[in-house]
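*Asks:* Below is the structure, and that's it, no one-letter string:
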C-alpha cells in the first residue's frame, strides 16, 4: 500500500442549474482527446462543468496542461493515484515507481512548471461532493469508496487507511463488483 504524504481533504460543489455536468475518467495527459470530446458534446464553459476522477497526468503528452485546467471555473478534479505518485516521488524507489507508470514527462518540464505541477496536485481534494439540481448528491473519489454512507466522507478522510483506499483501492475492479449506493 502506498503511503500518503499530502493532506487529504474534501470539497463540495453546488448544483449546476444552468448547464450540464460531465464526469471524466482517467485522461492521463490526453488533452487532445478531451478537447475532441468537448467539441462532440457541445461543451459550453459558460454553463457546463467537467468533474474528473483524477489521473490527469502521465502517459499522454499534455500532463501539465491538464493540471492547469483545474484553475478553470468549469473544471474540477479529485486527486488520483498518479497525482499522488507525483507528490510522493521523494526517494529513488517512489520516483522509480512513478517514472515506470508514465511520470517521465515531468523530467522534461521547466523548473517553474515542476513547482506549479506539484502545487496543483497538492491542492486537489481526495473527495468531491457534487450536488445535483434535484438535491441528491454524487460522491466522487478516484478509486473506491470504502464506506456505506457518503455523508460520512469527512470521517473517512480522517482515517488514513480509508483515505488511501479512495485513491488506490482496486477491490471492486479485481472482484468485478458493481456498487451503486442509493
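*Replies:* Right, received. Where do you want to start? No experiment lies behind these values; they were computed from the predicted model shown.

*Asks:* Look up how far residue 69 lies from residue 59.
*Replies:* Between residue 59 and residue 69 the computed distance is 17 Å (C-beta to C-beta, to the nearest Å). Backbone N, C-alpha and C define where each C-beta goes, glycine included.

*Asks:* secondary structure class for residue 23?
*Replies:* Using DSSP: H, G, I helix; E, B strand; the rest coil, the three-state assignment for residue 23 comes out as strand.

*Asks:* Burial check on the residue nearest to it when sequence neighbours are not counted, number of neighbours?
*Replies:* With C-beta to C-beta, 6 or more residues apart in numbering as the criterion, residue 23 has its nearest non-adjacent residue at 5.3 Å, and that residue is residue 51. Burial of residue 51, expressed as a neighbour count using other C-beta atoms under 10 Å, amounts to 19.

*Asks:* same question, residue 134
*Replies:* Summarising burial for residue 134: neighbours were counted as other C-beta under 10 Å, giving 6.

*Asks:* Next: residue 17.
*Replies:* Residues near residue 17, counting by other C-beta under 10 Å: 8.

*Asks:* Make sure it is actually in contact with residue 133.
*Replies:* Yes. With contacts counted by C-beta atoms under 8 Å, residue 17 reaches residue 133, the gap being 5.4 Å.

*Asks:* shared neighbours of the two, anything?
*Replies:* The overlap between the contact sets of residue 17 and residue 133 (C-beta atoms under 8 Å, 6 or more residues apart in numbering) is empty.

*Asks:* how far does the helix or strand hosting the residue nearest to residue 23 sit from the chain's center?
*Replies:* Secondary-structure element containing residue 51, defined by DSSP states H and E: strand 49-52. What separates the centre of strand 49-52 from the centre of its chain is 10 Å, taken as C-alpha atoms, centre = their mean, to the nearest Å.

*Asks:* Tell me which residues touch the closest residue in space to residue 113 that isn't next to it in sequence, please.
*Replies:* Nearest non-adjacent residue to residue 113, counting by C-beta to C-beta, 6+ apart: residue 64, 5.3 Å away. For residue 64, the contact set (C-beta under 8 Å, 6+ apart) comprises 57, 105, 109, 113, 116-117.

*Asks:* Quick check: the residue nearest the centre of the chain vs residue 151, distance?
*Replies:* Centroid check for the chain by C-alpha atoms, centre = their mean gives residue 54 as the closest residue, at 1.9 Å. As for residue 54, its distance to residue 151 is 22 Å (criterion: C-beta to C-beta).
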